[in-house]
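After the sequence you'll find the predicted model.
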Amino acid sequence: MQTSPQIEHTRRRRVIRRLLDELASCDPDDDAYERKLDLLGRRIARRVPPVAGDAASGRASGAGRRSPPAPLWQPFWRRQRARLTRLGGVLLKLVRVASARTADNLHRSSPARPDAPVADGSGGLTAADGRRVGRLIGRFGAGQRVEGVDGHYMLYEPAFRTAGPAPLLVMLHGCNQGAAEFAAGTRMNEVAEDSGVVVLYPEQSMGANALRCWNWYALQDVSNSAGDAALIARLTRRVMQDQDIDPARVYIAGMSAGGAMAAVLARDYPGLYAALGVHSGIAAGRAHDAVSAMRIMASGPDTLPPDLLSPTELGALQLPRIVFHGDADTTVHPSNADALYAASGQSGNDQAREHTTSEATPASEGQRGYTRSALFGSSGVSQGERWIIHGAGHAWTGGDGTQPHTDAAGPDASRQMMRFFLQHHLNSKIS
């Protein structure tokens, strides 16, 4: 039985994608890396169509799929080989960071009890109204298992909630992090206590990703009932039911891979979340596999013309968003922040983007300088904000400096995000 050219072409694409995934998991200094590069080169060479005039000779010799002359594919493969080597180095850096950390850092030896308050180590100061400041007084711990959700999460319930349904913030950690570690680094629970906001921290399993990264770039995990995005959306809805949450005030934010996944959820579930926060992340829809993800992380995204977007994606672009990024970030290129911020202005409603401002705050002793740009609507509320922190690397700014992936010298991203979120709500409630 003969296969059609389309079927054969699809099979070759699958083989090449599998080889790319295997290549991304290899050490560039290992012999296996070179062997896989050579095999991938031969596969790519077979995909290049023969030039005119060679088809007849190919049929005459009985070679139905003859490889083209060397000059056609060898320069192309040399460019691809160099690019893959660079990307492999970036991935190797992430793998080595993960392997250097102990299992105790990845798996908390003594998970917090749901009824146990968590202190951050600061003094127990008292505000004018008698509330404790600088110490968490609500409940933070492992949540109950949710039917249909194969994953763990932690939940912070503030002690001081206003009457009626409360707002909910979904926080997605980055690679090599867990929920409790992310909460400690960002100090978001302290901010939530002051604001009366419930905070949900979904946690990626090592079974789903060895580095505990959210699979924001995998096609099979985007808008798929078994993927990460759908899992987080189901978990969000379940917590909304269990915790008496206001469906018009549900927000999502994340750091690095978590920020990229938050952008995917904002795109795929525009009726679920009222605003988006991304710290050191990537806009949705710019990568489709590990190789393109590494390329965007290393050099920034390509321009995505608005006319290529679906109506759903165009609607999601209008979702209010606040973006933070360090201009010295060598893990995720700072231009990704520009792409995220620019998306907040791609709306056909001129009144939704009344005017823009930009202001620079110089560095002071022990504090980084930053440049804040904002897009305001006719109501005077900012629809989009971009904070570029000067000299900051790949870290959450204003967090607990004793925690990994945080930079205490920058502006307080957690408080600024919460301020931005609470200005926005959905026009209608979610069914």
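Received it, and whenever you're ready, just let me know what you need. Numbering: from 1, shown residues only.

CA atoms for contacts and neighbours, from now on please.
Will do.

Parallel or antiparallel, list what pairs with the longest strand along the chain.
Longest strand of the chain, by residue count under DSSP state E: strand 245-255. The strands beside strand 245-255 in its sheet (DSSP bridges) come out as strand 166-172 (parallel), strand 275-279 (parallel).

mind saving the C-alpha coords of the last one as PDB?
By that I understand strand 275-279. Written as PDB, here are the backbone C-alpha positions of strand 275-279 (Å, rounded to 0.1, in the frame of the first residue of the first chain):
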ATOM      1  CA  ALA A 275      -6.900  41.500  34.200                       C
ATOM      2  CA  LEU A 276      -3.500  40.100  33.500                       C
ATOM      3  CA  GLY A 277      -0.100  40.500  35.200                       C
ATOM      4  CA  VAL A 278       3.200  39.300  33.700                       C
ATOM      5  CA  HIS A 279       6.600  39.500  35.200                       C
END
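
List the buried residues for it?
For strand 275-279, the neighbour count (16 or more other CA atoms under 10 Å) marks 275-279 as buried.

OK, contacts around residue 185?
396, 399-406 (CA atoms under 8 Å, 6 or more residues apart in numbering).

Strands of the protein, start to end?
For the chain, the strands defined by DSSP E cover 125-126, 132-133, 139-142, 152-157, 166-172, 198-203, 245-255, 275-279, 321-326, 355-361, 370-376, 382-389, 396-397, 406-407.

Same list (these) but as a markdown table, adding distance to residue 418 and mean pLDDT.
Formatted as a markdown table, the strands of the chain follow (distance: least, CA to CA, whole Å; pLDDT from 0 to 100):
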| stretch | distance to residue 418 | mean pLDDT |
| --- | --- | --- |
| strand 125-126 | 22 | 38 |
| strand 132-133 | 17 | 38 |
| strand 139-142 | 18 | 75 |
| strand 152-157 | 15 | 91 |
| strand 166-172 | 9 | 97 |
| strand 198-203 | 11 | 95 |
| strand 245-255 | 9 | 97 |
| strand 275-279 | 9 | 97 |
| strand 321-326 | 10 | 97 |
| strand 355-361 | 20 | 91 |
| strand 370-376 | 16 | 95 |
| strand 382-389 | 13 | 95 |
| strand 396-397 | 14 | 97 |
| strand 406-407 | 18 | 96 |
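
Can you lay out those strands as TSV showing distance to residue 334?
Formatted as TSV, the strands of the chain follow (distance: least, CA to CA, whole Å):
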stretch	distance to residue 334
strand 125-126	37
strand 132-133	34
strand 139-142	33
strand 152-157	30
strand 166-172	20
strand 198-203	25
strand 245-255	13
strand 275-279	11
strand 321-326	6
strand 355-361	17
strand 370-376	13
strand 382-389	8
strand 396-397	14
strand 406-407	16
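
And the ones you listed: which comes nearest residue 299?
For residue 299, the closest of the strands of the chain is strand 321-326, at 14.6 Å, according to CA to CA.

Enumerate the positions of stretch 159-172 that are buried.
Result for stretch 159-172 [16+ other CA under 10 Å]: buried residues 159, 161, 165-172.

That one spans what distance, first to last residue?
Distance between the two ends of stretch 159-172: 22 Å, counting by CA to CA, to the nearest Å.

Stretch 267-279 now?
Terminal residues of stretch 267-279 are spaced 17 Å apart (CA to CA).

Over to stretch 375-388?
Note: stretch 375-388 ends 15 Å apart using CA to CA.
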